[in-house]
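> give me the fold of what follows.
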Amino acid sequence: MNTAQALPSGNALNVNAVRRDFPILERRIHDRPLVYFDNAATTQRPRQVVEAMSRFFYESNANIHRAIHTLGYESTVAYEEAHKKVARFIHAKSWREIVFVRNATEALNLVAMAWGQGTLRPGDEVVVSLMEHHSNIVPWQMVRDRLGVTLKFIPVTPEGVLDLEAARRLITPRTRLVGVVHASNVLGVINPVDEIRSMAREAGALFLLDGAQSVPHMPIDVQALDCDFFVASGHKMLGPTGIGFLYARKALLHDMPPFLTGGDMIATVTPEGSTWNELPWKYEAGTSAVAEGVGLGAAVDYLSALGMDKVYSYEKDLGDYALSRLQEIDGLLLYGHRQGNHLAVFSFNLPEAHPHDAANLLDRYGIAVRSGHHCAQPLMAFLGMDNTLRASLYLYNTREEVDRLVEAIGEIRKLFGRVG
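Residues are numbered from 1 along each chain as shown. All right, here's what the predicted structure looks like:
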């Protein structure tokens, strides 16, 4: 992969060089330069990722684990190497602890259905937080309803952080798993996962982290985090859609039953029964998303070349600047406590306009933001609303783009008869 353009200059991220790797940022929307602030929903892809996938299709396209011809061998090696890249990226002990899935949602369903339904009994407890994405709520509700498991929610304080005192009361000796989002896709807060993990360990419970919003923005070491499960989506970390990963401790993967069954996940099949393939293929049934796996590997290469410490530092500075500019806007409703560790994710509302109307008007200025409940309706209900605007920044965004957002908000407010 050619990473020369993406390499940082000195100790800082060279954002101008990075932006040249993303042709979509050269687009004009409604005759204005594109400002893409919807990165918590999905990020853009650098040319290196697109080229890696194209090269695979042009040169090595074949199914994996099914043929000894050259293309089959090359395809298999590329796909397995992508697992190894992800393992190194998050500091897993073994690449066999990395299971490729469609996205973080599927990874969470895998844990809930394979581990949860195979392990939990009536009266057992699963504890998640009110801050979770629906993907870490709905699967556990289904397990609760099928098995008679108790599902508990760690509340959120009025400042928009997890209530740790309440968590201590909720996590009991009957708790079998504690699962929390590493960083909120609504408020941007990075949760105190070390403290929550310690509570889980004291109760003898497993610990699950939803890293969909953290792994694109900060260094991740699953061994240091001491989590049992960690999930992420490729499309939120510069990779293609349709690919994500589950990290799980090898002993757990050995003991859990398969999630999906069929081709490639088996060792033997007879009319009387079947045995399972080695890890991680035991959990990757059917024809794999090989090109997408190659693309995810290229995305990991790209982020690794930049250095995740530099990515985090750049985004922290950019987020601090964006916060200061947004706080200058009189009457802007900005949600969440902004002290401590936060990603550059901002949920807010304009008192004059519904979030969908405001988002549509911002699009007229070439600015892409999200409006809606952000797949976090319990948290939104706690905040006392149905929808917000959300601006989520990433490594290719700039202070100038933040200024354009603030200026556009001012113009929109003028349209509604109020000077911003």
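> per-residue confidence for Ala376?
pLDDT recorded at Ala376 is 87.
> ok, it - contacts?
Each residue near Ala376 by Cβ atoms under 8 Å, 6 or more residues apart in numbering is listed here: 131-134, 184-186. From N, CA and C alone the C-beta is placed, and that goes for glycine too.
> recalculate using a threshold of 10 Å.
130-134, 137, 181, 184-187, 347, 382-383, 388 (Cβ atoms under 10 Å, 6 or more residues apart in numbering).
> likewise Ile64?
Residues near Ile64 by Cβ under 10 Å, 6+ apart: 72-80, 264, 281, 284, 287-288, 290, 293.
> helices - which of these land there?
Of these, the ones assigned to helices by DSSP state H are 72-80, 290, 293.
> and the residue lying closest to Ser304 once chain neighbours are set aside, how many neighbours?
Spatial nearest neighbour of Ser304, chain neighbours left out: Phe89 (6.3 Å); criterion: Cβ to Cβ, 6 or more residues apart in numbering. Phe89 is flanked by 24 other residues according to other Cβ atoms under 10 Å.
> His354: which of the contacts of Ala376 is nearest?
Each of the contacts of Ala376 was scored against His354 by Cβ to Cβ, and Thr388 proved nearest at 10.6 Å.
> one step back: which of the contacts of Ile64 sits closest to Lys93?
Among those, and counting by Cβ to Cβ, the member closest to Lys93 is Glu80, at 16.7 Å.
> the residue nearest to Ser304 in helix, strand or coil?
helix (DSSP: H, G, I helix; E, B strand; the rest coil).
> check what pLDDT Asn16 gets.
What the model reports for Asn16 is a pLDDT of 96.
> any idea which helix or strand carries Lys66?
No Lys there; residue 66 is Arg. Assessed by DSSP states H and E, Arg66 sits outside every helix and strand.
> grab the nearest non-local neighbour of it.
Spatial nearest neighbour of Arg66, chain neighbours left out: Gly72 (6.4 Å); criterion: Cβ to Cβ, 6+ apart.
> surely Gly148 meets Arg121?
Yes. Using Cβ atoms under 10 Å, Gly148 is in contact with Arg121, at 8.0 Å.
> compare the two (neighbour count), which wins?
Shown here are Gly148 and Arg121; by other Cβ under 10 Å, Gly148 has more neighbours (12 against 9).
> show the pLDDT at Gln339.
So, for Gln339, pLDDT stands at 70.
> might you report the residue contacts of it?
Gln339 is in contact with 159, 161, 189, counting by Cβ under 10 Å, 6+ apart.
> just to be sure, the first one is in a strand?
Which is Glu159. No. Using three-state DSSP, the assignment for Glu159 is coil, not a strand.
> neighbours of Asp330, how many?
Neighbours of Asp330 under the rule other Cβ under 10 Å: 10.
> what strand or helix carries it?
In the assignment (DSSP H and E), Asp330 maps to no helix and no strand.
> doesn't Val406 make contact with it?
No. At 11.9 Å, Asp330 does not count as touching Val406 under the criterion of Cβ under 10 Å.
> picking that back up, pLDDT and neighbour count for the ones in helices among the contacts of Ile64 - can I get that in a markdown table?
A markdown table is the format used below for those (pLDDT from 0 to 100; neighbours: other Cβ atoms under 10 Å):
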| residue | pLDDT | neighbour count |
| --- | --- | --- |
| Gly72 | 96 | 16 |
| Tyr73 | 95 | 14 |
| Glu74 | 96 | 16 |
| Ser75 | 97 | 26 |
| Thr76 | 96 | 20 |
| Val77 | 97 | 12 |
| Ala78 | 97 | 19 |
| Tyr79 | 97 | 23 |
| Glu80 | 97 | 18 |
| Val290 | 97 | 23 |
| Gly293 | 98 | 30 |
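> turn those residues into JSON lines, including distance to Phe57.
Below are the ones in helices among the contacts of Ile64 laid out as JSON lines (distance: Cβ to Cβ, whole Å):
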{"residue": "Gly72", "distance to Phe57": "15"}
{"residue": "Tyr73", "distance to Phe57": "17"}
{"residue": "Glu74", "distance to Phe57": "12"}
{"residue": "Ser75", "distance to Phe57": "11"}
{"residue": "Thr76", "distance to Phe57": "16"}
{"residue": "Val77", "distance to Phe57": "16"}
{"residue": "Ala78", "distance to Phe57": "12"}
{"residue": "Tyr79", "distance to Phe57": "14"}
{"residue": "Glu80", "distance to Phe57": "18"}
{"residue": "Val290", "distance to Phe57": "10"}
{"residue": "Gly293", "distance to Phe57": "13"}
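> closest one to Phe207 out of the residues you listed, please.
For the ones in helices among the contacts of Ile64, the nearest to Phe207 is Gly293 (26.7 Å; Cβ to Cβ).
> tell me the spacing between the closest one and Phe22.
Distance of Gly293 to Phe22, given as Cβ to Cβ, to the nearest Å: 21 Å.
> for Trp276, same thing?
From Trp276 across to Phe22, the span is 41 Å (Cβ to Cβ).
> same thing with Gln377?
Distance, Gln377 to Phe22, by Cβ to Cβ: 32 Å.
> where does pLDDT dip in this protein?
Applying pLDDT under 70 to the chain flags the ranges 1-11, 337-338, 418-420.
> still on that earlier bit, so Gln377 and Phe22 - more neighbours on which side?
Just comparing Gln377 and Phe22: by other Cβ under 10 Å the higher neighbour count belongs to Phe22, 18 against 13.
> over to the closest residue to the more buried one other than its chain neighbours: give its phi and psi.
With sequence-adjacent residues excluded and distances taken as Cβ to Cβ, 6+ apart, Phe22 is closest to Gln44, at 5.1 Å. Main-chain dihedrals, Gln44, degrees, to the nearest 10: phi -80, psi 170.
> returning to that earlier point: top of the contacts of Gln339 by number of neighbours, please.
So for the contacts of Gln339 (other Cβ under 10 Å), the most neighbours sit at Val189, 24 neighbours.
> my read: that residue touches Val180, true?
No. Counting by Cβ under 10 Å, Val189 sits too far from Val180 to count as a contact (11.2 Å).
> which neighbours do those two share?
131, 162.
> convert whatever helix or strand Val99 lives in to PDB, retaining C-alpha atoms only.
Element membership of Val99, judged by DSSP H and E, is strand 98-101. These are the backbone C-alpha positions of strand 98-101, laid out as PDB (Å, rounded to 0.1, in the frame of the first residue of the first chain):
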ATOM      1  CA  ILE A  98     -10.500 -12.100  15.600                       C
ATOM      2  CA  VAL A  99     -13.800 -13.000  13.900                       C
ATOM      3  CA  PHE A 100     -14.900 -11.100  10.900                       C
ATOM      4  CA  VAL A 101     -18.600 -10.200  10.800                       C
END
